[in-house]
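Enquirer: Need coordinates for the below:
(one chain, ligands or ions: 1)
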Amino acid sequence: MDGCSGLNCSAPRRIAARLFSALKRRKVKGRVNVGQRKEDDDDVAPPNHVTRRPDSSSERSGREANYNVVIGCFLLRLVAVTEKELQKMAELRIQMAAVLENVKDELRNKDLFITAKEIESNNGIDGDLELEFDGDLISNKVIFDQPLKCEYVPKEEKYLEGMDRLEAELEAELERLQLHLDASKLSSTHPQQSNGNSSARSYSMSCGEVIDPTIYGEEEECAQLHCGVPPYELERRLHELLESRQEEQIRELEAALASAKQELVDKEREISWWKDTAQLMSIHVQQPSPFGSKLSSACKHEMARAEHNNVTLEMVRDSLIRQEDTIVYSLIERARFPLNPPTYDPSYASIPGFSGSLLELFVKQTEAVQAKAGRYDNPEEHPFFPDNLPPSLVPHYKYPEVLHRAAMSININKLIWDMYFNKLLPSFVSPGDDGNYALTAARDLECLQAISRRIHYGKLVAEVKFRDERKDYEPAIRAQDRFTLTNLLTFTNVEEAVKNRVAKKAMTFGQEVKLGDDGDKGKYKVDPAIVSGLYADWVIPLTKEVEIDYLLRRLD
Ligand SMILES: O=C(O)C(=O)C[C@]1(C(=O)O)C=C[C@@H](O)C=C1
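Expert: Down below sits the predicted model:
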């Protein structure tokens, strides 16, 4: 470029130099001629006489000289203007080179931008963009460098007048550079596609990672050059396939995980149950029986067996007899108060955070406290509201495991509750209201707990009977024959004895005791017939119901 401008600049200068030197020579010649003419005129012609040069060749040469001066001036002016223009053109070329660099950078940036856009929309290559990539510098400038174009084009148009050759050279050079740019871009694209990038992409695909968007842009060009299904399209489909498979695998794994968790919970429950059983078994071997006072065995090893084998029906019946006292006393204590209906009326008191009667509140709260105190750790005890009971806060006492584990699932307190309040209570308390609702509730709970304990003691009665008469019970149990079981466990004479005894206890415990006066004889705090009837109608039948329920599950 410099060489070119150098050549263009040197030619006018040489012309100007020649003109100046010619003009100089002419002036010197002219001066010599004038001097000679002066000498000649002084010598020959008068003073006012105009001398005309008869020589036509000298006139012609004078006109030529003038003409040359004019031309020279014009050329000098032209040289000066041209020099300026050339300087501006040199600056313009430098600026155009900078523009070219910008265009290159913009093209690279546009590659990235288009590729990212393509991946986002998945629409392939836009034909217009392709044209823009292959377009000439002007079109690229239109796209990427609008401010530069606005600044330079008017100047270019202004200064390119009369400079067609330079413009042609400039455009040719720019085209050459553009071609070079395209060629270098293509040559740098193909090796990447065939080598490093493909392996990098396949690795990223197999790992399920996001694909580099620039790779898609390169592949689009490659696909357009070589025709066929574009590699990026294949890669995108492969990616989708892998993604769907991975999602399916995740779903399967999640389902398997949930199932495994459930199994784990079940196993933990089972392990916990076996642990408790093992603990109870080991303690049962070491601890004395609750019937220890009646067991006679010196040998520790034989104690466990003795506990089972020596728990006799007689012992169990003794316990039932003792419990009669509690039941009769609790009924007498409840009979101190009239019915006191508000105790059972849910609308009597609006208790914050509680919905129900005062009795229900009392029973639930008492059971909660007693549960914390360990009452329901004893297998003989059964809560009336077993749901949401707090755990025991006291050290666990290892009660002997005499009963079959099926015993834990038997609780007929709902039946007992209904019987007590609907049948029994109205039959032995006086109607009325003395306002002692809290005491009334407390006495009711004592009655309920005593009766419940007695009825649920049927589990132990049945266990002892089963062991004593296993051969008889097993077939009926296997047959789940309630009728046969009822016949096997019923002792009518025992039942009669129980009814008579509780009546006598009601008479004995419920009589008015006065010193030296038998005037109130025959007046009892609780009618003995009612107590006897309670046993006949409810306690004994429900005890037998528990016995049958237990026996039906005894071989589970
Ligand atoms: O002593 C028994 O054998 C029991 O089973 C207890 C009981 C009772 O509830 O008192 C129950 C059924 C029998 O018919 C006799 C008595």
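Enquirer: Can you tell me which residues in the stretch 401-550 of the chain are near the ligand?
Expert: Counting by C-beta under 6 Å from any ligand atom, the stretch 401-550 of the chain comes close to the ligand at 461, 489, 490, 491, 494, 495, 498, 540, 543, 544. For every residue, glycine as well, the C-beta is placed using N, CA and C.
Enquirer: repeat that with 5 Å
Expert: Contact residues, the stretch 401-550 of the chain versus the ligand (C-beta under 5 Å from any ligand atom): 461, 490, 491, 494, 495, 498, 540, 543, 544.
Enquirer: With distance to residue 365 and secondary structure added, can I get the residues you listed in a markdown table?
Expert: Below are these laid out as a markdown table (distance: C-beta to C-beta, whole Å; DSSP: H, G, I helix; E, B strand; the rest coil):
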| residue | distance to residue 365 | secondary structure |
| --- | --- | --- |
| 461 | 32 | helix |
| 490 | 39 | coil |
| 491 | 40 | coil |
| 494 | 38 | helix |
| 495 | 37 | helix |
| 498 | 34 | helix |
| 540 | 32 | helix |
| 543 | 29 | helix |
| 544 | 33 | helix |
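Enquirer: Going through those residues, which ones are buried?
Expert: Neighbour-count burial (16 or more other C-beta atoms under 10 Å) is assigned, among these, to 461, 495, 498, 540, 543, 544.
Enquirer: Which residue does the stretch 301-450 of the chain have closest to the ligand?
Expert: Nearest residue of the stretch 301-450 of the chain to the ligand (C-beta to the nearest ligand atom) works out as residue 317 at 4.9 Å.
Enquirer: if I pick that residue, what's in contact with it?
Expert: By C-beta atoms under 8 Å, 6 or more residues apart in numbering, residue 317 lies in contact with 461, 494.
Enquirer: Is it in a helix, a strand, or coil?
Expert: helix (DSSP: H, G, I helix; E, B strand; the rest coil).
Enquirer: From residue 407, how far off is it?
Expert: Residue 317 sits at a distance of 19 Å from residue 407 (criterion: C-beta to C-beta, to the nearest Å).
Enquirer: what residues does the stretch 251-400 of the chain put near the ligand?
Expert: Of all the residues in the stretch 251-400 of the chain, those lying near the ligand are residue 317, going by C-beta under 5 Å from any ligand atom.
Enquirer: a markdown table for the residues of the stretch 401-550 of the chain next to the ligand, including pLDDT?
Expert: Formatted as a markdown table, those follow (pLDDT from 0 to 100):
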| residue | pLDDT |
| --- | --- |
| 461 | 97 |
| 490 | 97 |
| 491 | 97 |
| 494 | 97 |
| 495 | 98 |
| 498 | 98 |
| 540 | 98 |
| 543 | 98 |
| 544 | 98 |
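Enquirer: would CSV of these with distance to residue 324 be doable?
Expert: Shown next, in CSV, are those (distance: C-beta to C-beta, whole Å):
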residue, distance to residue 324
461, 14
490, 19
491, 16
494, 13
495, 13
498, 7
540, 11
543, 12
544, 16
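Enquirer: Count the neighbours of residue 238 for me.
Expert: A total of 14 residues lie near residue 238 under the criterion other C-beta atoms under 10 Å.
Enquirer: Show the model's pLDDT score for it.
Expert: What the model reports for residue 238 is a pLDDT of 87.
Enquirer: Let's verify it: helix, strand, or coil?
Expert: Looking at residue 238 with three-state DSSP, the answer is helix.
Enquirer: Using the record's assignment, carve the chain into domains.
Expert: Domain ranges of the chain: 2-44+58-228, 293-553, per automatic domain parsing.
Enquirer: Out of those, name the one with the poorest average pLDDT.
Expert: The minimum mean pLDDT among these belongs to domain 2-44+58-228 (a mean of 56).
Enquirer: can you give me the helices for the stretch 401-550 of the chain?
Expert: Remark: helices assigned in the stretch 401-550 of the chain by DSSP state H, counting those that start in this stretch are 413-419, 425-428, 437-456, 458-468, 470-478, 482-489, 492-510, 528-534, 540-553.
Enquirer: and residue 251, which of those helices is closest to it?
Expert: Nearest to residue 251 among the helices of the stretch 401-550 of the chain is helix 540-553 (42.1 Å), distances taken as C-beta to C-beta.
Enquirer: Next, the buried residues of that closest one.
Expert: For helix 540-553, burial by neighbour count (16+ other C-beta under 10 Å) applies to 540, 542, 543, 544, 545, 546, 547, 548, 549, 550, 551, 552.
Enquirer: And the residues you listed, which is closest to residue 357?
Expert: Using C-beta to C-beta, the buried residues of helix 540-553 come closest to residue 357 at residue 542, 23.5 Å.
Enquirer: from memory that closest one sits against residue 413, does it?
Expert: No - the pair residue 542 / residue 413 is not scored as a contact, 10.4 Å apart, by C-beta atoms under 8 Å.
Enquirer: Burial check on residue 473, number of neighbours?
Expert: Residue 473 has 21 neighbouring residues, counting by other C-beta under 10 Å.
Enquirer: Residue 428 too?
Expert: Neighbour count of residue 428, defined by other C-beta under 10 Å: 20.
Enquirer: Just give the nearest non-adjacent residue to it, would you?
Expert: residue 530 (4.7 Å; C-beta to C-beta, 6 or more residues apart in numbering).
Enquirer: ok, that neighbour - contacts?
Expert: By C-beta under 8 Å, 6+ apart, residue 530 lies in contact with 424, 427, 428, 506.
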